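Novice: My questions concern the predicted model and sequence given below.
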Amino acid sequence: MTPAARIVRDIHADPPRGGWNRRNFLRTLTGLGALPLFTETPAFAQAQRSAGRIKVSDIKIQRLRLEKDWGTYEDYVGARRGGRTGGGAITEIYTDQGLIGIGPGIAEGALSTLKQYLVGKDPFDVNRHMAILYGGGREGGLGGGQRPVGVEIALWDLIGKAANQPLFKLWGGTRDRIVPYSSMFRLGPAKERAETALKLKNDGWKAIKLKSHYATMKEDVAQIAAVRDACGPDFVITTDANKAGFSVAFQGTRGVPWSFERAVETAKEFERLDVYFLEEPLPKYDFERLAELNRMTAMNLAGGEAQNPGVHEFRWLLEKGCFDIVQPEINTQGVAVMQKVAVIAESMEKMICPHLGDARLSTVCNMHLVATWPNAPFIECGNEGPEGAYEHSYAVFEKPITLTKDGYFEIPTAPGLGVTIRKDLYEKPGA
């Protein structure tokens, strides 16, 4: 077992804070005895007084004001990226019981269709609703390519609130904290990337993902070698080739497509440097050569994300032996498909590490999912500071999620997603 693999094993085996021992377990039970039962809460009492089950009463799109634009930087393909606090929108689903579920924003044009279908229905029938709203595919059942993922997440948030449980508990999770890896987007001199990685390690991060997008393999390898030298063996390094440059070659000033030979030689060099996984080293539908490359290296290959929609494609990728780690994107797949992919991967002794999400509500939903999956060692967190530091996005929450000193994100424990949007960011009507 390589040092990186041992680190991941130890990370994933980490028990809840305080450990699983008899004393802590009994202390937890004692503490629970002091809490009111769900049947004693006002929400439950109100629900009991109402005739029939909980029903959706309205759906709204709530726009958020832009509090601060943190600026932009040039990313790995020469495009401009940056960070913002606020802006965009969230979806709110109201019920006749007074509960409100929140999720990522949806297009204004979809609102009428959603209201026509969902108002008056039971939010607990979420999988049935999504089967209809997705229209038989994951590319959008609301028209215009609009995916109803924001609605699905808002419904689950609502269900968690109605059950008075955080989603990770509702879904059977036992972990109350997870390990994020810092996902990077810049290219730069190897020395600068190494300094950035060392700072992250000193701040508590346990893992990083770098971009392998230099013009030559020599430069890609030099970056990884510099980071390994700076951070030592007790730091997890992963890297992303973004489909070996094929998906980005014409999107910016960078993006050199890899040949199969370059993919093989790069993988061998990265394996020597104890890279934990190499993401998308070939085009997404090059199943045969992905599987062949995977047979040729002991290092994990990863992929899937936003451009491999649906359960069937992930099953193909795993059955063909393309990847050791699948990376579905919640904003493409939605909650139900993510859960199914995780089970398929587990049944084949493979891992799952979700793609980024939106750095707000869908990423928080990712956190709850990861906490329930025994085969999920990490969660991805976009964190290319200073402009794109993760704290800028999470600042929209009343209680922002922050990295602990020992490198974890603690799962929000309030009902549903467990987070609330700052009310001062809500745009006033007509603003």
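Specialist: In hand now; what should we look at?
Novice: Kindly report the domain assignment for the protein.
Specialist: 46-169, 174-417 (automatic domain parsing).
Novice: Could you dump those into JSON lines with mean pLDDT and distance to Ala4 added?
Specialist: C-beta here means a position set from N, CA and C on the backbone, and glycine is covered the same way. Putting these into JSON lines (pLDDT from 0 to 100; distance: least, Cβ to Cβ, whole Å) gives the following:
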{"stretch": "domain 46-169", "mean pLDDT": "88", "distance to Ala4": "22"}
{"stretch": "domain 174-417", "mean pLDDT": "94", "distance to Ala4": "4"}
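Novice: got JSON lines for the ones you listed, with mean neighbour count and distance to Lys423 too?
Specialist: Converted to JSON lines, the domains of the chain look like this (neighbours: other Cβ atoms under 10 Å; distance: least, Cβ to Cβ, whole Å):
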{"stretch": "domain 46-169", "mean neighbour count": "18", "distance to Lys423": "10"}
{"stretch": "domain 174-417", "mean neighbour count": "20", "distance to Lys423": "8"}
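Novice: I'd like those domains laid out as TSV, including distance to Arg6.
Specialist: Formatted as TSV, the domains of the chain follow (distance: least, Cβ to Cβ, whole Å):
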stretch	distance to Arg6
domain 46-169	26
domain 174-417	9
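Novice: surely Met217 meets Thr266?
Specialist: Yes - at 5.3 Å, Met217 and Thr266 qualify as touching, with contact defined as Cβ atoms under 8 Å.
Novice: Quick one, which of the domains of the chain gets closest to Glu427.
Specialist: Checking those against Glu427 by Cβ to Cβ gives domain 46-169 as the closest, at 4.4 Å.
Novice: Could you point out the longest helix of this structure?
Specialist: Longest helix of the chain, by residue count under DSSP state H: helix 330-347.
Novice: can you give me how far it is from the chain middle?
Specialist: In terms of Cα atoms, centre = their mean, to the nearest Å, the centre of helix 330-347 is found 12 Å from the chain centre.
Novice: Skipping adjacent residues, who's closest to Gly416 in space?
Specialist: Gly160 (3.3 Å; Cβ to Cβ, 6 or more residues apart in numbering).
Novice: Lys428 is nearest to which of the domains of the chain?
Specialist: So among those, domain 46-169 is nearest, using Cβ to Cβ, at 8.8 Å.
Novice: In contact with the nearest residue to Val419 once chain neighbours are set aside, which residues?
Specialist: The spatial neighbour of Val419 that comes closest, neighbours along the chain excluded (Cβ to Cβ, 6+ apart), is Phe397 at 4.7 Å. Contact analysis of Phe397 by Cβ atoms under 8 Å, 6 or more residues apart in numbering lists 419-422.
Novice: Check Tyr73 too.
Specialist: Taking Cβ under 8 Å, 6+ apart, we find Tyr73 in contact with 80-82, 185-186, 384, 387-388.
Novice: ok, now Asn375?
Specialist: By Cβ under 8 Å, 6+ apart, Asn375 lies in contact with 342, 345-346, 349-352.
Novice: which one of those residues is nearest Tyr117?
Specialist: Closest to Tyr117, out of all of the contacts of Asn375 and judged by Cβ to Cβ, is Ala342, at 27.7 Å.
Novice: and after the longest helix of the chain, which helix or strand comes next?
Specialist: strand 351-352 (DSSP states H and E).
Novice: Outside of that next one itself, list whatever touches it.
Specialist: Residues from elsewhere that reach strand 351-352, judged by Cβ under 8 Å, 6+ apart: 300, 324-328, 341-342, 345-346, 373, 375-377.
Novice: same check, this time on stretch 220-240
Specialist: Stretch 220-240 is contacted from outside by 3-4, 7-8, 181, 190-191, 193-195, 197-198, 201, 206-214, 266, 269-270, 273-280, 302, using Cβ under 8 Å, 6+ apart.
Novice: Please flag which of the residues you listed sit within strands.
Specialist: Judged by DSSP state E, strands contain the following of these: 181, 207-211, 275-279, 302.
Novice: okay if I get those residues as CSV plus distance to Met130?
Specialist: Conversion of the ones in strands among the contacts of stretch 220-240 to CSV gives the following (distance: Cβ to Cβ, whole Å):
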residue, distance to Met130
Tyr181, 29
Ala207, 32
Ile208, 34
Lys209, 30
Leu210, 35
Lys211, 33
Val275, 37
Tyr276, 33
Phe277, 30
Leu278, 33
Glu279, 28
Ala302, 26
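Novice: ok so, going back, can you tell me which of the contacts of Phe397 has the largest number of neighbours?
Specialist: Counting neighbours by other Cβ atoms under 10 Å, Val419 leads the contacts of Phe397 with 21 neighbours.
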